[in-house]
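>>> Here's a sequence, model it:
(one chain, ligands or ions: 1)
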Amino acid sequence: MKKDQPVVMEETHEKALRIIFNPEMFVQPLSLEKPVLRGSRCRECGRTYFPKRTICTDCRSDENMEEVPLSRYGQLYCYTVVYAAPEGFIPPYAFGLVVLPEGLRLFSIIQDCEPFDARLKIGMEVELDFGAIARNEAGQDVYNYVFKPSRRRE
Ligand SMILES: [Zn+2]
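Residues are numbered from 1 along each chain as shown. Coordinates of the predicted model:
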């Protein structure tokens, strides 16, 4: 592995090697498992953060943060479709703000949602997953957590 490459993980199926965009932000799926976002919660005041923090900016507590897995289902707060993308990203794709039950709002690429206007609705349930979001200079897929329209039945 070259030193300038991001972390590479081994997979037991599909591709032997995967390049991960933000490896510290989530528990990476093995085989057919789903990813889980790694948040942190303040034991003092209960506030939850993502990405993880070591100090609570609400109550200033600095020794009471614990890592917690975040909910895998959230609500699509708003989205846009990106047609002019940064280098490596392949347009068009949807980019949205997802609200988790913990009260967190996080930006994410939304996948499996074309045609966008027909599949994406403000307020719909979305589900955390894992997908290729871009290509690096070597032409390899770069993976990250993403959200997709929820497939569970309510
Ligand atoms: Zn706190």
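>>> and the next element down the chain from the helix or strand bottoming out on mean pLDDT in the chain?
Ranked by mean pLDDT, DSSP states H and E, the weakest helix or strand in the chain is strand 8-10, scoring a mean of 46. Beyond strand 8-10 on the C-terminal side, the first helix or strand identified by DSSP states H and E is strand 17-20.
>>> Show me what that next one packs onto, helices and strands only.
strand 8-10, strand 141-149 (3 or more CB pairs under 8 Å, 6 or more residues apart in numbering; DSSP states H and E). Yep, even glycine has a C-beta here, placed from its N, CA and C like the rest.
>>> tell me which residues of the longest one are tucked away?
Judged by neighbour count (16 or more other CB atoms under 10 Å), strand 141-149 contains these buried residues: Val142, Tyr143, Asn144, Tyr145, Val146, Phe147, Lys148, Pro149.
>>> where in the protein is pLDDT low?
Applying pLDDT under 70 to the chain picks out residues 1-17, 28-32, 153-154.
>>> can you give me the strands in the chain?
According to DSSP state E, the chain carries its strands in the segments 8-10, 17-20, 26-27, 36-42, 48-49, 65-69, 73-82, 93-99, 105-110, 125-135, 141-149.
>>> which stretch among those strands comes nearest Asp117?
Evaluated over those, closeness to Asp117 peaks at strand 73-82, with 8.6 Å, by CB to CB.
>>> Tell me the neighbouring strands of the closest one, and mark each as parallel or antiparallel.
strand 93-99 (antiparallel), strand 125-135 (antiparallel) (DSSP bridges).
>>> about what we covered before: let's have the strands of the chain in TSV, adding distance to Cys56.
Formatted as TSV, the strands of the chain follow (distance: least, CB to CB, whole Å):
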stretch	distance to Cys56
strand 8-10	31
strand 17-20	27
strand 26-27	21
strand 36-42	4
strand 48-49	8
strand 65-69	6
strand 73-82	22
strand 93-99	20
strand 105-110	18
strand 125-135	24
strand 141-149	24
